[in-house]
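Participant: Build me a model from this:
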Amino acid sequence: MTQLRVNEVETFLNPSRIIAAVGVRDGMCVADFGCGSGAFSLASARAVGNHGEVWAIDVDRPMLSRLASMANAENVETQMRVLPGDVAEYNGSGLPDVFVDVVIAANILFGVHDIGMLAKEITRILKDAPDGALGTAGRVAIIDWEDSFDGAGPPEECIVKKDEVRALFERAGFDFLQDLPAGSHHWGILMRKIIAK
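Facilitator: Numbers count the residues shown, from 1 in each chain. Just a heads-up that it's a prediction; the model follows:
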């Protein structure tokens with residue numbers, strides 16, 4: 001799986017625009033699954049302010065080290081935590097149960113061998129809605145490639161379709177909230193956890 005640099009991600013996507021559409025705001029706890037170069041982590045860190053936190057999780061330790069340096073350069077190091085982990089395994093993120101408000105899963109599905117297991121890990125760490133107040137339940141923003149675009153994206157056989165992912169997450173205990181503004185090369189959906197962990 002190829003990793004895009006921050007400026008390459010921003011060529012195809014507008015992470016700040018997507019983070020705003022997701023509703024990430026001051027004081028929230030966000031997990032960026034398979035954060036790669038950290039474009040969504042950095043955008044989230046700016047959005048959560050000094051009272052929130054962002055967990056940037058990836059298996060690539062050198063990439064995490066670079067991201068920590070970038071967070072320092074952007075003065076968001078107090079909000080950002082980098083954590084090595086395999087988000088496609090149950091308990092692989094290393095985060096506690098029912099811990100985060102929002103999970104970002106951008107440009108990782110094409111490299112995940114078991115999306116159902118990824119959904120279970122996301123379910124595990126997302127906050128439940130207290131007393132059935134679904135508006136406050138944890139949410140996941142899922143963004144991935146529409147096509148291979150002659151090699152700009154992943155190989156054609158690795159492309160994961162939006163409708164398939166939406167159906168899988170609905171079976172895992174989520175409901176669909178909205179499509180996300182993911183540009184011309186990607187699809188994006190926002191889902192809300194409706195089944196308690």
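Participant: hey, where'd the helices end up in this structure?
Facilitator: 6-12, 15-22, 39-48, 61-73, 115-125, 162-171 (DSSP state H).
Participant: Can you spell out which helices and strands pack onto the last one?
Facilitator: The criterion is 3 or more Cβ pairs under 8 Å, 6 or more residues apart in numbering; DSSP states H and E, and the helices and strands that helix 162-171 contacts are helix 115-125, strand 139-145, strand 186-193. (Each C-beta comes from the backbone N, C-alpha and C, glycine too.)
Participant: circling back to that earlier point, the helices of the chain into CSV, with extra columns for mean neighbour count?
Facilitator: Below are these laid out as CSV (neighbours: other Cβ atoms under 10 Å):
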stretch, mean neighbour count
helix 6-12, 16
helix 15-22, 20
helix 39-48, 27
helix 61-73, 15
helix 115-125, 21
helix 162-171, 15
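Participant: Same list (these) but as TSV, adding distance to Asn107.
Facilitator: Output for the helices of the chain, formatted as TSV (distance: least, Cβ to Cβ, whole Å):
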stretch	distance to Asn107
helix 6-12	7
helix 15-22	11
helix 39-48	9
helix 61-73	13
helix 115-125	13
helix 162-171	13
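Participant: Of the ones you listed, which is nearest Ala152?
Facilitator: helix 6-12 (7.8 Å; Cβ to Cβ).
Participant: Mind checking the pLDDT average for that closest one?
Facilitator: Helix 6-12 shows an average pLDDT of 54 in the prediction.
Participant: Ala141 contacts Val102, doesn't it?
Facilitator: Yes: with contact defined as Cβ atoms under 8 Å, Ala141 counts as touching Val102 (6.8 Å).
Participant: what is in contact with the two at once?
Facilitator: Val22 (Cβ atoms under 8 Å, 6 or more residues apart in numbering).
Participant: returning to that earlier point: looking at the helices of the chain, which is nearest to Trp187?
Facilitator: Per Cβ to Cβ, nearest to Trp187 of the helices of the chain: helix 162-171, 4.2 Å.
Participant: Could you tell me how far that closest one lies from the centre of the chain?
Facilitator: 16 Å (Cα atoms, centre = their mean, to the nearest Å).
Participant: what does that helix rub up against?
Facilitator: So helix 162-171 is contacted by Leu109, Ile115, Gly116, Ala119, Val140, Ile142, Asp144, Phe176, Trp187, Ile189, Met191 (Cβ under 8 Å, 6+ apart).
Participant: Save the helices and strands packed on helix 162-171 as a markdown table, and put in mean pLDDT and distance to Gly23 too.
Facilitator: Shown next, in a markdown table, are those (pLDDT from 0 to 100; distance: least, Cβ to Cβ, whole Å):
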| stretch | mean pLDDT | distance to Gly23 |
| --- | --- | --- |
| helix 115-125 | 96 | 17 |
| strand 139-145 | 97 | 7 |
| strand 186-193 | 96 | 8 |
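Participant: No further questions, thank you.
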